[in-house]
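Colleague: Return a 3D structure for these sequence lines:
(2 chains)
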Amino acid sequence: MYDLIIVGGGPAGMTAAVYAARKRLNTLLLSKDVGGQVLWTMGVENYMGYQYVEGPELMQKFEEQVKQFPLEQKIGQGASTLSLSDAGFEVRTEAGESYQARAVIVATGKRPRQLNVPGEERLKGRGVTYCAICDGPIFAGEKVAVIGGGNSALEAALDMVKIGDHVYLVSLTPLTGDQILIERAVKSPNLTVLLEHEVLSIEGPNRVESVKVRDLKNGAEKKLEVTGVFVEIGLVPNSEAVRQIVRLNRLGEIEVNCACETGVPGLFAAGDVTNVPEKQIVVAAGEGAKAALAAHKYLQRL
Amino acid sequence: MSAKTVKVYSTPTCPYCKMAKKFLETNKIPYQDLNVAEDKAAREEMVQKSGQMGVPVIDVNGEFVVGFNQSWLKEKLGL
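Modeller: Take a look at the predicted model:
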């Protein structure tokens, strides 16, 4: 039985861990990975104290700081369910292990949103990718489709026009990214922008061969011959494990008040999984600190 | 414990590739690092052998795993 279980090892979870350990709470940090979404961030220029740092390097610094304190860590599996128990809470992991605590902080962040079209699941890792910076170079010299209209999609498309043969940028809406990126995209000779198009399916026997799209303006369907599909359509909160016991907003984010309280006594949430505005490393870290201090106060009153 | 042949197919920008390589180094496992962003032959070999177009792909004595799967690596490497 722990005082506190922190679920999630991104900036919010790791900061919470440091604050909890300094309050001498008997704490377990449980996470699928160490670093969360920051691992996929190349350059960070707005985390104070660092003029420029690569995402993975910053997270390594966080991890080193966490390790300065006595704290138990289970890394490699996420939480599948969180339920209320007599003593407080029970967290069950994806591997079926069970842990109990008097208080819990959920700091599970967000993950890439899927298209949910036929062929996507089957061809994942076989041409369908959600990590453009990881897998982009594998498609050098090939034709690819980037799905989405925001900054991530535009950045992926602009990276791929440099090394790919041709890029289709497929967006449901007009492009919503920064104007500077839109201008660069529109000027690229080997980039075709398909606005107000929806993806119907991804096809190929065991590797991506094409993507079927439909023009929402006139209903016309088109087949794009591509070997890669980069899905960059935003993020969804990892809030499934608690959806039975807390209130989520329409985006699926956990609703918290300004003290990171969820409304369930002893259950706190912090970072990108919550409805707190602005998904930034510095905001998530600050929220993690607040959640740990709130949990400490709660445990003192018990 | 007999020596295992370990290959890591990776790209320089992929965080899980870095973590996987760091894990191998920490455990003193020698490996061949194949940068599929530069090395077209390695890229084709990866796709042919593993059917995968996402990195990292790790080959331990001809068995493949996609992504940085610590428990799989520990088992295969006898750590």
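
Colleague: From A:Val44, how far out is the residue in the stretch 51-200 of chain A that chain B sits nearest to?
Modeller: Closest to chain B within the stretch 51-200 of chain A is A:Pro137: 3.2 Å, counting by Cβ to the nearest Cβ. Where C-beta positions appear, they are placed from N, C-alpha and C, glycine not excepted. Distance, A:Pro137 to A:Val44, by Cβ to Cβ, to the nearest Å: 22 Å.

Colleague: Settle it for me: which of those two has more neighbours?
Modeller: Neighbour count, other Cβ atoms under 10 Å in any protein chain shown: between A:Pro137 and A:Val44, A:Pro137 has more, with 23 against 19.

Colleague: wait, the more buried one sits on B:Thr11?
Modeller: Yes. Counting by Cβ atoms under 8 Å, B:Thr11 is a contact partner of A:Pro137 at 4.7 Å.

Colleague: Can you check which residues contact both of those two?
Modeller: In terms of Cβ atoms under 8 Å, 6 or more residues apart in numbering or on different chains, A:Pro137 and B:Thr11 are both contacted by the residues B:Val36, B:Ala37.

Colleague: where does the chain have low pLDDT?
Modeller: Defaulting to chain A. A:42 (pLDDT under 70).

Colleague: was after chain B, sorry
Modeller: For chain B, the ranges with pLDDT under 70 are B:1-2.

Colleague: Residues of it that sit close to chain A?
Modeller: B:11, B:13-19, B:36-38, B:40, B:43, B:47, B:51-55, B:66, B:70-71 (Cβ under 8 Å from any Cβ of the partner chain).

Colleague: Now, those that are in helices?
Modeller: B:Pro15, B:Tyr16, B:Cys17, B:Lys18, B:Met19, B:Lys40, B:Arg43, B:Val47, B:Gln70, B:Ser71 (DSSP state H).

Colleague: quick one, what contacts the residue lying closest to A:Lys32 once chain neighbours are set aside?
Modeller: In this structure, A:Lys32 finds its nearest non-sequential neighbour in A:Gly78, 4.0 Å apart by Cβ to Cβ, 6 or more residues apart in numbering or on different chains. With contact set as Cβ under 8 Å, 6+ apart, A:Gly78 has these partners: A:Val7, A:Leu30, A:Ser31, A:Lys32, A:Thr93, A:Glu94, A:Thr108, A:Asn238, A:Ala241.

Colleague: which of these count as buried?
Modeller: Neighbour counting with 16 or more other Cβ atoms under 10 Å in any protein chain shown marks A:Val7, A:Leu30, A:Ser31, A:Lys32, A:Thr93, A:Thr108, A:Asn238, A:Ala241 as buried within the contacts of A:Gly78.

Colleague: Could you point out which of the residues you listed is nearest to chain B?
Modeller: A:Lys32 (11.1 Å).

Colleague: Flag every buried residue along the helix or strand hosting A:Leu84.
Modeller: According to DSSP states H and E, A:Leu84 maps onto strand A:79-85. Buried positions in strand A:79-85, judged by neighbour count with 16+ other Cβ under 10 Å: A:Ala79, A:Thr81, A:Leu82.

Colleague: contacting residues for the residue of chain B found nearest chain A?
Modeller: Nearest residue of chain B to chain A, counting by Cβ to the nearest Cβ: B:Ala37, 3.2 Å away. B:Ala37 sits next to A:Pro137, A:Ile138, A:Ala140, B:Thr11, B:Pro12, B:Thr13 when contact means Cβ under 8 Å, 6+ apart.

Colleague: switch to 7 Å and redo it
Modeller: Residues near B:Ala37 by Cβ atoms under 7 Å, 6 or more residues apart in numbering or on different chains: A:Pro137, B:Thr11, B:Pro12.

Colleague: Report the distance from the one helix or strand B:Lys74 maps to to the chain centre.
Modeller: Following DSSP H and E, one finds B:Lys74 within helix B:70-77. Centroid separation for helix B:70-77 versus its chain: 12 Å, with Cα atoms, centre = their mean, to the nearest Å.

Colleague: ok, residues contacting that helix?
Modeller: A:Gly76, B:Lys4, B:Phe23, B:Ile29, B:Ile58, B:Val60, B:Glu63, B:Val65.

Colleague: and residue 66, how many residues sit next to it?
Modeller: If you meant another chain, say so; for now it's chain A. For A:Val66, using other Cβ under 10 Å, the count is 20.

Colleague: think we crossed wires, I meant chain B
Modeller: By other Cβ under 10 Å, neighbour count at B:Val66 equals 19.

Colleague: Likewise for A:Leu248?
Modeller: For A:Leu248, the count of nearby residues is 18 (other Cβ under 10 Å).

Colleague: picking that back up, could you find which two of the buried ones among the contacts of A:Gly78 are furthest from each other?
Modeller: A:Thr93 and A:Asn238 (13.7 Å; Cβ to Cβ).

Colleague: still on that earlier bit, put together TSV for the buried residues of strand A:79-85, with distance to A:Gly119 on each row.
Modeller: Output for the buried residues of strand A:79-85, formatted as TSV (distance: Cβ to Cβ, whole Å):
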residue	distance to A:Gly119
A:Ala79	30
A:Thr81	30
A:Leu82	33
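
Colleague: on that earlier part again, what residues sit buried inside the helix holding B:Lys74?
Modeller: Applying 16+ other Cβ under 10 Å to helix B:70-77 flags B:Trp72, B:Leu73, B:Lys76, B:Leu77 as buried.
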